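*Asks:* Starting from these lines, generate the structure:
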Amino acid sequence: MGSSAVSTTPPGRRHRRRNGRAALLFLAPAGLVVFGLVAWPIIRTGWLSFHRVISPLPTVPTESVGLRNFSTALTDPALISAAGRTLYFTLVSTAAELTFGIALGVLMAQRLRFRWLLRAAVLLPWALPTVVNAAMWRYMLNADYGPVNALLTQVGLIDGYRSWLGTPLSALHMIIIADVWKNTSIAAFFVLAGLTVIPRDLIEAAEVDGAGTIRRFFAITLPLLRPVIAVVLVLRTIEAFKVFDIVFVMTRGGPADGTQTVALYAYITAFSNQSFGYGSAVALLIVLVVLVLAMIYIRLLTSSSGPEDR
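*Replies:* This next block holds a predicted model:
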């Protein structure tokens, strides 16, 4: 009776079941890797955020503190200051990268003789690893032998060598410049891709109507680039808000914590101050903010697409 039941199963269904089991078998190693590298750290961080933990060793006793870590984080003056600096960094760097990216994207779209060379030069900063980029800018801004001081002194813009990373406000702006120099390439190539799909007929019709270059840009090009600009804006906002590596390499959060961001604050709290529970709570708050920004990103993409794309 069991054999007759098996024989009545359609061959196509048996084939799909075998394929499904084989697919699960092949995907299992990748699933374990994803769980180990992504899911498990998030679960572990969530558990730590509700406990008082002073050591990462599993043998060290822990104490459950409920939501105390989160309530402390929301009233922590150091974290609030770091959040303000992070917000300032995010707004200024994103606005600058978007502005310069649009300008470079429009320039790269022109029919220049050596535009391939221009595109390669624009791509170069993005191709550099962030740590290399940060170390390079730290060397160039050195107060004693940095080439930035030498150049500005020789052309007469400053009367002596300055410590660009020696004061909180100056150091923060130097980090912004380094970040803009590296990430403007992303915005530029997004804009370049958006320009390639703009119908040429619209530009030619505007030229026939007597519209100049500036008027065509603001009346036709810029409105049609709105979906691309939305993508660049939110992606760069998310990346800038969780900035860590470039700040860590250039200033370590100094001087006087003047360049400390929320991500760097979470790292120092957990690994330097050995307060893993509180550091995990701060990291989890950063994840929640990034999730909110990601939801805004999806919303902007949905609203920027036409009804036919939904």
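*Asks:* Poorly predicted segments of the chain, please.
*Replies:* Within the chain, the ranges that satisfy pLDDT under 70 run 1-12, 15, 56-59, 301, 303-310.
*Asks:* Just give me the residue right at the centre of it.
*Replies:* residue 239 (1.6 Å; C-alpha atoms, centre = their mean).
*Asks:* which SSE is that one in?
*Replies:* helix 226-241 (DSSP states H and E).
*Asks:* mind checking how far residue 165 is from residue 143?
*Replies:* As judged by C-beta to C-beta, to the nearest Å, residue 165 and residue 143 stand 8 Å apart. No exception for glycine: its C-beta is placed from N, CA and C like everyone else's.
*Asks:* and the residue nearest to the centre of the chain, what is it in contact with?
*Replies:* residue 183 (C-beta atoms under 8 Å, 6 or more residues apart in numbering).
*Asks:* how about a cut-off of 10 Å?
*Replies:* Each residue near residue 239 by C-beta atoms under 10 Å, 6 or more residues apart in numbering is listed here: 90, 93-94, 97, 179, 183, 186, 290, 293.
*Asks:* Return the subset of those lying in helices.
*Replies:* 90, 93-94, 97, 179, 183, 186, 290, 293 (DSSP state H).
*Asks:* Out of these, which comes closest to residue 252?
*Replies:* Of all the ones in helices among the contacts of residue 239, residue 252 sits closest to residue 179, with 16.2 Å by C-beta to C-beta.
*Asks:* What spatial separation is found between the closest one and residue 239?
*Replies:* 9 Å.
*Asks:* Repeat that for residue 212.
*Replies:* When residue 212 is compared with residue 239 (using C-beta to C-beta), they lie 36 Å apart.
*Asks:* same thing with residue 130?
*Replies:* 10 Å.
*Asks:* between those two, what contacts are shared?
*Replies:* 179, 183.
*Asks:* Could I get the ones in helices among the contacts of residue 239 in a markdown table, plus columns for neighbour count and distance to residue 222?
*Replies:* Listed next are these as a markdown table, based on neighbours: other C-beta atoms under 10 Å; distance: C-beta to C-beta, whole Å:
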| residue | neighbour count | distance to residue 222 |
| --- | --- | --- |
| 90 | 21 | 23 |
| 93 | 23 | 21 |
| 94 | 24 | 17 |
| 97 | 26 | 17 |
| 179 | 27 | 24 |
| 183 | 26 | 21 |
| 186 | 18 | 19 |
| 290 | 16 | 28 |
| 293 | 17 | 24 |
